[in-house]
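In: I would like the atomic coordinates for the input below:
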Amino acid sequence: MKLGLQLGYWGAQPPANHRELVDAAERSGFDSVYTAEAWGSDAYTPLAWYGSATERLRLGTSVLQLSARTPTACAMAALTLDHLSGGRHIVGLGVSGPQVVEGWYGQRFAKPLARTREYIDIMRQVWARQAPVTSPGPHYPLPLQGETSTGLGKPLKPIVHPLRSDIPIYLGAEGPKNIALAAEIADGWLPLFFTPRMADQYNAWLDEGFARPGARNTRETFEVAAVAQIVLTDDTEAAYAAIKPFLALYMGGMGSEDTNFHAEVYRRMGYAEVVDEVTELFRSGRKDEAASIIPDAVVDDSAIVGDEAHVREQIKVWEQSGVTTMLVSPGSVAEVERLASLVH
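Out: Residues are numbered from 1 along each chain as shown. Alright, predicted model coming up:
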């Protein structure tokens with residue numbers, strides 16, 4: 001089992017201790033550090049900033065939003081960071097949801113699976129640098145043609161020769177079709193709310209992708225880098241209470257009332273009634289109450305809360321379920337070091 005430091009995205013202000021956490025992760029044997037983006041801080045700038053102070057940690061995004069950049073712009077940023085880091089970059093991509101894509105980026109959300117496939121194909125053309133980059137579309141046509149274009153566009157190759165012609169791409173995927181797509185065209189899967197209880201179902205969806213013609217990987221070469229809330233504590237009641245507002249936000253407050261991909265994850269886990277009640281309370285402004293009605297068992301399903309013996313045991317369970325990297329978010333240098341000691 002490998003550990004990744006998940007820094008996430010910023011809140012109202014830049015975090016004060018992320019540099020210290022990155023330094024501790026590098027010293028303690030973590031495999032990687034990851035950043036994210038929503039509609040505030042971007043993922044690439046902090047990753048480059050903190051990555052410049054490291055020599056060994058792999059630098060990943062979990063996740064970049066497809067609609068934030070054209071595929072060639074994303075490929076440019078990736079090849080640049082890959083050069084600067086000596087080949088340590090991992091591109092984690094996700095489609096986000098229609099509320100963010102249309103409301104923040106002003107882009108269309110239609111056909112997310114097809115858009116993802118086309119986006120990744122263009123990125124890999126850029127990095128391969130074997131020919132000028134072209135795409136017939138329909139989502140990212142290169143060069144642009146038709147009534148809205150000047151007709152002067154021409155296919156181009158990147159000026160910079162990429163350090164690696166095939167930078168790893170992981171997909172943030174929650175639904176069955178998207179998970180299968182990750183297994184087919186990507187190098188790894190980034191699950192947000194993973195539960196070992198559903199390992200057989202996840203493996204069935206992944207196997208569907210691995211079995212498709214032209215699949216890039218097998219189970220043996222595919223990474224599953226799962227977000228894992230690990231809280232080392234003897235006061236489990238307080239830890240559950242601290243996690244529940246986060247779950248209430250994702251379960252009841254993300255997306256719209258009838259289109260929330262995170263909520264669907266919990267429905268597939270068997271918590272449809274909880275999701276409905278949390279959503280109703282959260283969207284009526286009763287956020288504290290929405291968090292309080294979430295049962296402890298729901299937290300336990302996708303988090304690890306307890307003393308060192310319990311955490312060690314559960315890490316083994318996650319590993320046996322197919323997880324290759326656990327993306328953790330310790331709040332202090334001491335927590336980084338304690339988590340590292342449980343794995344290494």
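In: could you look up the SS state of Lys244?
Out: helix (DSSP: H, G, I helix; E, B strand; the rest coil).
In: isn't it up against Ile294?
Out: Yes: contact status for Lys244 versus Ile294: in contact at 4.7 Å, counting by Cβ atoms under 8 Å. Quick note: C-beta positions are derived from backbone N, CA and C, even for glycine.
In: output the lowest mean pLDDT helix or strand found in this structure.
Out: helix 261-268 (a mean of 89; mean pLDDT, DSSP states H and E).
In: what residues sit buried inside that one?
Out: Of all the residues in helix 261-268, those buried under the rule 16 or more other Cβ atoms under 10 Å are Phe261, His262, Ala263, Val265, Tyr266, Arg268.
In: repeat that for stretch 248-256.
Out: Ala248, Leu249, Tyr250, Met251, Gly252, Gly253, Met254, Gly255.
In: where exactly do the helices run in the stretch 51-200 of the chain?
Out: 71-84, 98-103, 112-128, 176-185, 199-210 (DSSP state H, counting those that start in this stretch).
In: of all the ones you listed, which one is nearest Asp307?
Out: Proximity to Asp307 (Cβ to Cβ) singles out helix 199-210 among those, at 24.2 Å.
In: count of neighbours near Glu237?
Out: Glu237: 10 surrounding residues under other Cβ atoms under 10 Å.
In: what residues does the strand or helix carrying it touch?
Out: Glu237 belongs to helix 236-248 when elements are defined using DSSP states H and E. With Cβ atoms under 8 Å, 6 or more residues apart in numbering as the test, helix 236-248 has contacts from 229, 231, 233, 278, 282, 287-288, 290-292, 294, 296, 298-299, 303, 305-306.
In: report the buried residues of it.
Out: Thr236, Ala239, Tyr240, Ala242, Ile243, Lys244, Pro245, Leu247, Ala248.
In: between the residues you listed, which is closest to Ile159?
Out: Nearest to Ile159 among the buried residues of helix 236-248, with distances taken as Cβ to Cβ, is Leu247, at 45.8 Å.
In: picking up where we left off before, among the contacts of helix 236-248, which lie within helices?
Out: In helices, judged by DSSP state H, the following of the contacts of helix 236-248 are found: Val278, Phe282, Lys287, Asp288, Ala290, Ala291, Ser292, Asp296, Val298, Val299.
In: how far away is the fourth one from Ser256?
Out: In this structure, Asp288 and Ser256 are separated by 22 Å, where distance is defined by Cβ to Cβ, to the nearest Å.
In: and if you look at the third one?
Out: Distance from Lys287 to Ser256, counting by Cβ to Cβ: 17 Å.
In: dump the helix holding Glu237 to PDB, keeping only the CA atoms.
Out: Taking Å, rounded to 0.1, in the frame of the first residue of the first chain, the C-alpha atoms of helix 236-248 are listed here in PDB:
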ATOM      1  CA  THR A 236     -14.500   8.000  17.700                       C
ATOM      2  CA  GLU A 237     -17.600   9.900  18.600                       C
ATOM      3  CA  ALA A 238     -15.900  13.300  18.100                       C
ATOM      4  CA  ALA A 239     -14.300  12.100  14.900                       C
ATOM      5  CA  TYR A 240     -17.600  10.900  13.400                       C
ATOM      6  CA  ALA A 241     -19.200  14.300  14.300                       C
ATOM      7  CA  ALA A 242     -16.400  16.100  12.600                       C
ATOM      8  CA  ILE A 243     -16.700  14.100   9.300                       C
ATOM      9  CA  LYS A 244     -20.500  14.200   9.000                       C
ATOM     10  CA  PRO A 245     -20.800  17.900   7.900                       C
ATOM     11  CA  PHE A 246     -18.400  17.000   5.000                       C
ATOM     12  CA  LEU A 247     -20.600  14.100   4.000                       C
ATOM     13  CA  ALA A 248     -23.800  16.100   4.400                       C
END
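In: can you give me the neighbour number for Leu152?
Out: Going by other Cβ under 10 Å, the residues that sit close to Leu152 add up to 7.
In: for it, what are its contacts?
Out: By Cβ under 8 Å, 6+ apart, Leu152 has no neighbours at all.
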